[in-house]
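> the following comprises the amino acid sequence and a computationally predicted model.
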Amino acid sequence: MDTKALRQKILDLAIHGKLVPQDPNDEPASVLLERIKAEKEQLIKEGKIKRSKKSAKTSDTPHYENVPFEVPEGWVWATIEEVCSKIGSGSTPKGSNYSEMGIPFFRSQNVYNEGLVYDDIKFISEEVHKHMNGTEVLANDVLLNITGGSLGRCAVVPASFVRGNVSQHVCILRPIIIKPKYLHAFILSSFFVKTMKITGSGREGLPKYNLERMALPIPPIREQERIIKEINRWLRIVDDIEFNKNDLSATINETKSKILYLAIHGKLVPQDPNDEPAIELLKRINPDFTPCDNGHNEKLPQGWMCCQLSNVLKITMGQSPKGDSLNNNSGIEFHQGKICFSDKYLQKSEILTDEPIKITEPNSVLLCVRAPVGVVNITKTRICIGRGLCSLSPFEGNSDFYFYLLQTLQDSFENQSTGTTFKAISGEIIKNEKIILPPLAEQKRIVHKIEELFSVLDNIQNALEV
């Protein structure tokens, strides 16, 4: 389930009057709009706010002949300017004159849709605050990011808020009578996003003039209260869905890890006494093979044998070609690291080399030997590998088994990695890594069972993401 789209749908239904039923007993929004105008006039008379030069030249009664969309009976259209006593951005203290403590100073990185975030908060002194009184934030204000990558992010200032100021990248909207959380829902709606007129090419911004003129559908005040309550109810449900999705996704990943653990310990499929023992496979590869201690004194499954990776895999450490040998005329792909990895099979690279140095065999397992250490993939073709990769080709058997086996070794490789700029492992560490090897026939049964179980888990994961 796409919970992001669901959240958006809830907000869009709300501002279209389709989230809660209308009540004919509610005071019409037209009356509410008149009360807002009266209160605004009173604030002007008291000198608390100034009359807008633009509104002084226009009619007191706006005309919406071509409304953006039809609203329910009892609703009205207005502009954001009509319903706010203040619309204005803040400013930054000269020379970034911040204090160790004092009055919180909110920048765009402190304004999120879920509320104000105090991580990395700055402070200003009382003296600086007095010179920035036009940027003061009050309880129940709506703060809107109006520039840059976070443009459109919006927060409602809580009723318990005491003091604070904002930077020039944040706009204060101070609604009159209108519920701040309704205005917040409107700003987060797709209608607002589609209709806001942004300017600028480098750092985009939403000018005050454009924001003031944006059309706003206003429901009766009682319906606003019902809308807010219903939005909160639905968003709690969405939060539960997301929590359960994340919880289930984590469970799926843990289950996959458990399946791999059982597989490499001989507990995923039953042993067959008719299978050729792993020792025969190892002696075919190297007649002088000598079994090694598994290090845990644990009893091995029937037919299994302890060995090192180098006993069963041809290990080739990558080496990057010289810069001038890279071109687009050769038929051999060059891969340096994880950038072209998919879930299992290597994706095509656009970089080719004319003078390949280290070539992998088809169906080899690729192992990242640095940043990130231990991630694995399979290549279906011959490729050239750089220093970030290691190729592991089975002397006999299928690479799929080793693909899954090597995934269980990632923690071991990470623990043995060294380096300051980035962690890396050497070829010797890889060659000497101990494993317990099942018979060849059991390897095939293990791969089949893993992929059967993983397919079920992947289907569940895909269903979560729809």
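Cool, got the structure. Numbers count the residues shown, from 1 in each chain.
> please make it C-alpha for all contacts and neighbour counts, starting now.
Will do.
> now do the buried residues in stretch 11-25.
Within stretch 11-25, the residues scored as buried using 16 or more other Cα atoms under 10 Å are 11, 12, 14, 15, 16, 17, 19, 20, 22.
> from those residues, which single one is nearest residue 422?
residue 11 (44.9 Å; Cα to Cα).
> hmm, the closest one is touching residue 231, no?
Yes. The criterion here is Cα atoms under 8 Å, and residue 11 meets it with residue 231 at 7.2 Å.
> next secondary structure after the worst-scoring helix or strand of the chain on mean pLDDT?
The helix or strand of the chain with the lowest confidence, counting by mean pLDDT, DSSP states H and E, is strand 326-327 at a mean of 53. Next in sequence after strand 326-327, counting helices and strands by DSSP states H and E, comes strand 333-335.
> for that next one, packing partners?
When contacts are defined as 3 or more Cα pairs under 8 Å, 6 or more residues apart in numbering; DSSP states H and E, strand 333-335 packs onto strand 352-353, strand 383-385.
> rank these by pLDDT, which is bottom?
When these are ranked by mean pLDDT, strand 352-353 comes last with a mean of 58.
> please pull up the helix or strand immediately following that one.
Next in sequence after strand 352-353, counting helices and strands by DSSP H and E, comes strand 364-368.
> helix, strand, or coil at the residue nearest the centre of the chain?
Among the residues of the chain, residue 4 comes closest to the average C-alpha position under Cα atoms, centre = their mean, at 11.5 Å. Look at residue 4: counting by DSSP: H, G, I helix; E, B strand; the rest coil, its state is helix.
> check it and give its pLDDT.
Reported pLDDT for residue 4: 89.
> likewise residue 330?
Reported pLDDT for residue 330: 57.
> helices of this protein, residue ranges please.
Using DSSP state H, the helices of the chain run over residues 3-15, 29-45, 53-57, 126-130, 180-187, 190-195, 208-212, 221-264, 278-285, 309-312, 399-407, 410-416, 427-432, 440-465.
> hey, least reliable of these by pLDDT?
helix 53-57 (a mean of 56).
> shouldn't residue 359 be in contact with residue 389?
No. Residue 359 is beyond contact range of residue 389, at 11.2 Å (criterion: Cα under 8 Å).
> quick one: which of these two has more around it?
The residue with more neighbours, out of residue 359 and residue 389, is residue 389; 26 against 19, by other Cα atoms under 10 Å.
> partner residues bridging the more buried one?
residue 368 (DSSP bridges).
> what residues are up against it?
Residue 389 makes contact with 317, 318, 335, 336, 337, 366, 367, 368, 369, 370, according to Cα atoms under 8 Å, 6 or more residues apart in numbering.
> what's the burial count for the closest residue to the last one other than its chain neighbours?
If you skip the residues right next to it in sequence, residue 370 has residue 424 as its closest partner in space, 4.1 Å away by Cα to Cα, 6 or more residues apart in numbering. Other residues lying near residue 424 total 20 when counted by other Cα under 10 Å.
> and residue 424, how far is that from residue 375?
Note on residue 424: its distance to residue 375, by Cα to Cα, to the nearest Å, is 12 Å.
> repeat for residue 451
For residue 451, the distance to residue 375 - Cα to Cα - is 18 Å.
> just to revisit the earlier point, list just the nearest of the contacts of residue 389 to residue 67.
Nearest to residue 67 among the contacts of residue 389: residue 337, at 55.1 Å, using Cα to Cα.
> give me the number of residues near the residue lying closest to the closest one once chain neighbours are set aside?
Excluding its sequence neighbours, the residue lying closest to residue 337 (Cα to Cα, 6+ apart) is residue 388, at 5.0 Å. For residue 388, the count of nearby residues is 23 (other Cα under 10 Å).
> identify the residues contacting residue 388.
Residue 388 neighbours (Cα under 8 Å, 6+ apart): 318, 336, 337, 368, 369, 370, 371.
> residue ranges in the stretch 51-200 of the chain under the pLDDT threshold?
Low-confidence segments of the stretch 51-200 of the chain (pLDDT under 70): 53-65, 95-96.
> can you give me the strands in it?
76-79, 84-89, 103-106, 111-112, 115-116, 122-124, 142-145, 154-156, 165-166, 170-175 (DSSP state E, counting those that start in this stretch).
> what helices and strands are in contact with the fourth one?
Contact partners of strand 111-112 among helices and strands, from 3+ Cα pairs under 8 Å, 6+ apart: strand 142-145, strand 154-156.
> out of those, which comes closest to residue 212?
Of all the helices and strands packed on strand 111-112, strand 142-145 comes closest under Cα to Cα, at 12.8 Å.
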